[in-house]
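Chemist: for reference, the sequence and a predicted model appear below.
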Amino acid sequence: MSEQHPSVAAVSVPDQQNYDGLVFPLVLACQSPDATLAATTAWVASQRTALEEQLTQHGAILFRGFPLKTPHDFDAFISGFDYPNFAYKDSLSNAVRTNFTERVFSANEAPADVTIYLHHEMAQTPIYPSKLLFFCEQAAETGGATPLCRSDVLYEKLAERCPDFLRACEEKGLRYTNVMPSVDDPASGMGRSWQSTFRRETREDAEARMRELNYTWEWLDDGCLRATTPQLQAVREVAPGRKTFFNQLIAAFKGWKDTRNDPSKAIMHGDGSPLDRDAVILAAEIAEELTFDVPWQNGDVALVDNYIVMHARRSFTGKRKILASLVAAETCGVVS
Ligand code: FE2
């Protein structure tokens with residue numbers, strides 16, 4: 001006999017936002033205390049189409065109260081969606097991570113006191129996921145929330161408050177520069193080595209890969225690599241008339257800082273011109289005002305549309321275990 005699907009209801013949480021009558025994020029809570037993992041996964045599978053529609057409308061869904069405890073439980077939950085996996089090893093992400101299963105890995109392992117600023121996942125590279133899933137295996141003692149920001153709402157605010165800057169971003173795109181170490185540096189939020197980033201062991205092979213990706217580069221005396229992306233889009237049209245501020249501008253400008261990197265050199269317009277500093281600071285302030293902090297409870301899963309919603313990480317104390325999984329998408333982010 002097949003198990004019954006758990007009963008699930010949309011619930012409200014403090015500080016939940018509302019845009020045009022749609023809450024952000026949508027919170028779906030399991031109301032069946034005896035729900036099993038198998039029944040939960042079957043429920044996800046049965047609701048795929050509806051969940052997909054809700055995700056596009058709301059931008060993010062928080063699943064709460066389901067019987068998930070381990071990375072493998074999270075993996076089983078994800079399997080219900082039947083999404084194509086985006087493997088971390090295939091990405092050009094600059095974060096250091098650890099894999100638990102083929103599709104589940106640690107979220108950025110940067111130290112607890114490091115703030116990771118708002119960004120669309122991997123929008124600073126030509127290859128990025130369409131969606132992300134986060135799982136709270138263990139909530140931090142204090143802090144450690146995952147801020148989420150509706151990037152379509154941000155786009156509209158920028159159009160009102162700094163239209164010239166937004167137009168420059170939209171028309172010229174952005175290029176990002178970062179310095180990668182020759183050995184993974186887990187002490188940094190952007191410490192992934194160039195060998196791991198490009199999946200190549202020698203300089204010659206890494207150069208060939210960068211040529212394919214239209215990167216430019218410079219080898220530094222200490223073995224590090226300074227790499228600059230091609231011109232990437234800064235704005236994405238997710239539906240007719242619905243645009244998002246799809247980039248890593250805020251994260252790069254505020255947060256790309258470690259012993260190798262200086263955030264003031266991390267980002268420029270696609271034509272090489274500098275960004276309007278004041279406008280970037282204003283954009284970061286507006287984005288911060290728009291954020292909803294996911295108040296993690298153990299077992300929570302957040303499904304985030306990476307084209308519509310930016311995410312970040314607050315600093316924290318205690319042990320915090322947030323795992324992540326990425327969903328594959330098309331690979332075209334280059335402004336022609
Ligand atoms: Fe991220």
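Modeler: Done, it's in.
Chemist: what's the pLDDT at the spatially most central residue of the chain?
Modeler: The centroid of the chain falls nearest to Glu121 when counting by C-alpha atoms, centre = their mean (3.1 Å). In this prediction, Glu121 carries a pLDDT score of 94.
Chemist: do Ala187 as well
Modeler: Taking Ala187 on its own, its pLDDT is 82.
Chemist: so what's the backbone phi/psi at it?
Modeler: phi -80, psi -10 (degrees, to the nearest 10).
Chemist: what helices or strands is the helix of greatest length in the chain leaning on?
Modeler: Using DSSP state H, we find that the single longest helix of the chain is helix 277-290. The helices and strands touching helix 277-290, judged by 3 or more C-beta pairs under 8 Å, 6 or more residues apart in numbering; DSSP states H and E, are strand 116-119, strand 146-150, helix 151-161, helix 163-172, helix 249-255. No exception for glycine: its C-beta is placed from N, CA and C like everyone else's.
Chemist: what's the distance between the third one and the middle of its chain?
Modeler: Helix 151-161 has its average C-alpha position 19 Å from the chain's average C-alpha position, going by C-alpha atoms, centre = their mean, to the nearest Å.
Chemist: pull out the buried positions in that helix.
Modeler: Ser151, Asp152, Val153, Leu154, Tyr155, Glu156, Lys157, Leu158 (16 or more other C-beta atoms under 10 Å).
Chemist: can you give me the end-to-end distance of stretch 52-66?
Modeler: End-to-end span of stretch 52-66 (C-alpha to C-alpha, to the nearest Å): 19 Å.
Chemist: Cys5 and Ala42 touch, don't they?
Modeler: Quick fix: residue 5 reads His, not Cys. Yes - counting by C-beta atoms under 8 Å, Ala42 is a contact partner of His5 at 6.4 Å.
Chemist: which stretches of the stretch 1-150 of the chain form strands?
Modeler: 8-10, 17-19, 22-24, 26-30, 60-64, 105-106, 116-119, 131-138, 142-143, 146-150 (DSSP state E, counting those that start in this stretch).
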